[in-house]
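> I'll drop the sequence and a predicted model, then ask my questions.
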Amino acid sequence: MNRLTRKASIAKVEVILHEHGYVRRGAVWSWHIGTGVSGWLGLNTGRGPDPHTWLINPVIGVRHEAIECLVDKFNGPVKPWFSPTIASNYGHYREPLEYLEFTLHGDACDDSVATSLVDMLNTEGRAAVEPMADFAHLRKALVSKRIGIPEINQFRYPILLVLMGDGRIADEMAAATIAACKGKTDPGHSHLRSYFEAFLQWRKAGETR
């Protein structure tokens, strides 16, 4: 038996995603939700229990163009990509929370597994993430500590506050983050400081309130 490759496992799912209107953008897929808002899907992979299997872990969320354009701006010279505003493992939207993977074996059953994966994304998955096209729902998700990664969410939350009209709170959060980075020279804290310094410069320029 030929061993199933990662590329072949992704291709099995991609064929069905394409049939359902998902658009590939580099290593991720998207679909239209509304003006300036897209669904976001990544397929993380890992080796299964034997060399002939691959595990696929769907990560699903949303991308707000207005937020991500500013994230790219504040990140400086880092090459921009089609980043999600918030995304998590598909099972993290379930109650109770769980971690979901789909196993491909390189045999005739793979088509049904891939179909099941996409069918679940089209129904349960999209129903869970599409409400976050609304800023109020997105705000709750960003502070939930359940959806997304807190260390990544913190870069989006102040921007969202400004767009929702809570600029004063956003400014205070940015200033507190910069103060917490004082005297710390490791790459993580240096990035945090430069990001929020750029954020405050943007605010002082009066581009938005």
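That came in fine, so what should we check first?
> buried sites along the lengthiest helix in the chain?
In the chain, with assignment by DSSP state H, the single longest helix is helix 187-204. By neighbour count on 16 or more other C-beta atoms under 10 Å, the buried set for helix 187-204 is H189, L192, R193, Y195, F196, E197, A198, F199, L200, W202, R203. (Glycine included, C-beta is placed from N, CA and C.)
> with stretch 58-65 instead?
Buried-residue list, stretch 58-65, by 16+ other C-beta under 10 Å: P58, V59, I60, G61, V62, R63, H64.
> how about JSON lines for those, with secondary structure, pLDDT and distance to G48 added?
Formatted as JSON lines, the buried residues of stretch 58-65 follow (DSSP: H, G, I helix; E, B strand; the rest coil; pLDDT from 0 to 100; distance: C-beta to C-beta, whole Å):
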{"residue": "P58", "secondary structure": "strand", "pLDDT": "95", "distance to G48": "16"}
{"residue": "V59", "secondary structure": "strand", "pLDDT": "96", "distance to G48": "18"}
{"residue": "I60", "secondary structure": "strand", "pLDDT": "97", "distance to G48": "21"}
{"residue": "G61", "secondary structure": "strand", "pLDDT": "97", "distance to G48": "25"}
{"residue": "V62", "secondary structure": "strand", "pLDDT": "98", "distance to G48": "29"}
{"residue": "R63", "secondary structure": "strand", "pLDDT": "98", "distance to G48": "30"}
{"residue": "H64", "secondary structure": "strand", "pLDDT": "98", "distance to G48": "35"}
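> among those, which one sits closest to P80?
Of all the buried residues of stretch 58-65, R63 has the smallest distance to P80: 11.9 Å, by C-beta to C-beta.
> who are the contact partners of that closest one?
R63 sits next to S30, V37, S38, G39, W40, F82, S83, P84, T85 when contact means C-beta atoms under 8 Å, 6 or more residues apart in numbering.
> just the buried members of these?
Buried among those by 16+ other C-beta under 10 Å: S30, V37, S38, G39, W40, F82, S83, P84, T85.
> show me what whichever helix or strand I16 is part of is packed up against.
Element membership for I16, per DSSP states H and E: helix 6-19. Of the remaining helices and strands, those touching helix 6-19 by 3 or more C-beta pairs under 8 Å, 6 or more residues apart in numbering; DSSP states H and E are strand 23-25, strand 37-47, strand 54-64, helix 110-120.
> what strands line up against the second one, and which way round?
Sheet pairing here is set by DSSP bridges, and for strand 37-47 it gives strand 28-34 (antiparallel), strand 54-64 (antiparallel).
> and L4, which of the ones you listed is closest to it?
Among these, strand 54-64 sits nearest to L4 (C-beta to C-beta), with 5.8 Å.
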